[in-house]
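1. could you look at this predicted model? Sequence included:
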Amino acid sequence: MPEYAIETEGLTKVFRNRWSGRELRAVDDISIRVPRGTTFGLLGPNGAGKTTFVKMLLSCAHPTSGRARVFGRDSQEAEARRPIGYLPENHRFPTYMTGWGMLDFYGALSGMDSASRRKRIPELLNLVGLDEGAHHLRLGKYSKGMLQRVGLAQALIHSPRLLVLDEPSDGVDPVGRKHIRDVLQALEQQGVTIFLNSHLLAEVELFCREVVIIQKGKMALAGTVEELTSGSGYKVEALAVPEQLATELKAKARGFTVVDGTAHLLFANREDANQAVDLLRANHCELEALARTKSTLEDVFMKTVATAVEGPAK
Amino acid sequence: MSPLLWNATLAIIKDTFREAFARRIFWGFFGCCTALLLFLLFIMRVDVVAGALATVSIFGNTLPSSNVQNLVQQTQSVIAGILYYAGMALAVFASAGLVSSVFEPGRIELLLSKPVSRAHLLLGRYAGNVLVVSANILYLVGGSWIIFGVKTGVWGLGFLLSSLCTIFIFSVLLAVIVLIGVLLDSSAVAIMVTFAIMIITPILAQKATLERLLSSEWSRDILRLLYYALPKIWEVRGIVQNLIMNKPVESWMPIWSTAIFGAVILAIGIWRFQKRTY
């Protein structure tokens, strides 16, 4: 059994305009390895090349150069797609199908025989929380949330070893989102590799172990969520900070804001935070809060994207 | 073909039928065919005297029984002609949407993500589409053949065979629709190109006359090239008539040259589909 669910080497996709000859490097030399059984997040702003990357994994798009492997097989081979379950972002399931019919159709295309499909479909529809009435309702009558659920069931129909999900909780209410997260967590425990492409950074932070951030087709940052969010700081909140002291503290702090008379200060290290507390106490300011802070994935993402746009700070 | 691949093929064909039902395409055809069959059933009156066929009345014309076979064959020829042109035009119009719907963004990605080759997906859809139209053609031709047979005792197989020629020409035109669908994702352009072929080829069939009218050798060469490259819709219609009238078919060239055209166009369509990025 191969060690990695997904392996890409210098994966590149260039779109060329036939008439003007102009080129767009949608994905530029991306090499990643997704270990089996992990939860992996692919992040990036709109137009970063995430969807093109995913499409190359599924052979919807052919790489201009480089290669992608899924469980050791070249992604362009039809057999490489057998262990993959996929939920596209802007899916357009045929509206004339019922929930049951749609799962039956995609199950057959995934290589399942009819007996296995008949057994698996009700299990899945119940797993994603679609009641009996919805089973035989045409998809045209489904709400966005219901379509997303049946779409997830479709991706799971053949018990895939790799699940590629593009914005899985798009249009789903918070309760449904939690439900989907629970389903995915259960799958993770069963050893299914989950590759998540999502704009919801909090969701990715909560769910994924590893992430890659891509920007303008290039890999901007990669690592485990724990590593990437380990950058810490210290938050100090104080009341009635005199103007002179505020100016002095502003120079030392990484962040300084005043909201409703409360100064919110952010320091990069413990020494600076301690010095600030000494100064505030010496000026008889009352401390409201003192806490250690942790970067969120959103902080990391915003910083990475900003750096990629402006270039690295000198 | 492995059982799993066979399962997938059946699923694609079944899906094409389901979409044809949902778009009312199948039922539209079925309704038209049924109306025509009912019309035939009621316009044809047969009088039997002392156990033998005395007279037959079609469209109000009463004929002695000796002319019945000729009359039935002529009526069948008219039906086959209507089916061949008007039915074909309707089938092309309806099928273009069935082909292009597969290439819709959000649907094609999911189909391509399954462990089925692109060629298989396209051929499955193609076969499904041919079967949807074939079912209706066979229903109409088979139904009217039975009506004629029961009422007049004329059971010539030529009329049944003619339906296979009609299905064959439709499958060639469907290959054009598939190719345009793959290249341009446009059902409108696919319909226009297919109709253009249906209009141009009967003109090209008058090759001998046209050659005399053209002044330069190069223009005659272009005419010949177009004639031999494009399907022989007009000539195949002639074969259909000969089959119905029990006349010998002089040349099968229109059939095999049209088959080559269809196979080449379909192969190009599959090749482009395999190369395309979605």
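-> Looks like it arrived, so ask away. All of these numbers come straight from a predicted model, not from anything done at the bench. Numbers count the residues shown, from 1 in each chain, chains lettered A, B, ... in the order given.
2. partners of the helix or strand hosting residue A:265 in the sheet?
-> Residue A:265 is part of strand A:262-267 when elements are defined by DSSP states H and E. Applying DSSP bridges, strand A:262-267 is found paired with strand A:232-239 (antiparallel), strand A:255-259 (antiparallel).
3. following the first one, which helix or strand comes up?
-> Past strand A:232-239, heading to the C-terminal end, the next element that is a helix or strand (DSSP H and E) is helix A:243-252.
4. for residue B:260, give me its contacts.
-> Going by Cβ atoms under 8 Å, 6 or more residues apart in numbering or on different chains, residue B:260 touches no other residue. Every residue, glycine included, has its C-beta placed from N, CA and C.
5. now do the strand or helix carrying it: distance to the chain's middle.
-> According to DSSP H and E, residue B:260 maps onto helix B:253-275. Distance of helix B:253-275 from the chain centroid (Cα atoms, centre = their mean, to the nearest Å) equals 16 Å.
6. quickly compare the strands paired with strand A:262-267 and say which is most buried.
-> strand A:232-239 (a mean of 18; mean count of other Cβ atoms under 10 Å in any protein chain shown).
7. out of the strands paired with strand A:262-267, which comes closest to residue B:276?
-> Between residue B:276 and the strands paired with strand A:262-267, the shortest gap by Cβ to Cβ is with strand A:232-239, which sits at 48.8 Å.
8. near chain A, which residues of the stretch 151-278 of chain B? Just list them.
-> The stretch 151-278 of chain B has residues B:275, B:277, B:278 near chain A, with proximity defined as Cβ under 8 Å from any Cβ of the partner chain.
9. just the element for residue 27, please.
-> In the absence of a named chain, chain A is used. Per DSSP H and E: strand A:23-30 holds residue A:27.
10. could you do chain B instead?
-> Assigned by DSSP H and E, residue B:27 belongs to helix B:25-43.
11. what's the end-to-end length of stretch A:11-22?
-> End-to-end distance of stretch A:11-22 (Cα to Cα, to the nearest Å): 20 Å.
12. backbone phi and psi for residue B:248, please?
-> Dihedral pair for residue B:248: phi -70, psi 150, per degrees, to the nearest 10.
13. identify the residues contacting the residue most central in space within chain B.
-> By Cα atoms, centre = their mean, chain B has its centre lying nearest to residue B:170, at 3.0 Å. Going by Cβ under 8 Å, 6+ apart, residue B:170 touches B:88, B:91, B:92, B:130, B:133, B:134, B:137.
14. look up phi and psi at it.
-> Note on residue B:170: backbone dihedrals following degrees, to the nearest 10 are phi -60, psi -40.
15. measure it to residue B:85 for me?
-> The gap separating residue B:170 from residue B:85 is 11 Å, by Cβ to Cβ, to the nearest Å.
16. any idea which of the contacts of residue B:170 is closest to residue A:230?
-> Nearest to residue A:230 out of the contacts of residue B:170 is residue B:130 (Cβ to Cβ; 61.3 Å).
17. show me which residues of chain A sit near chain B.
-> With Cβ under 8 Å from any Cβ as the criterion, chain A comes near chain B at residues A:13, A:15, A:55, A:58-62, A:78-82, A:84, A:86, A:88, A:90-97, A:101, A:104-106, A:108-114, A:154, A:164.
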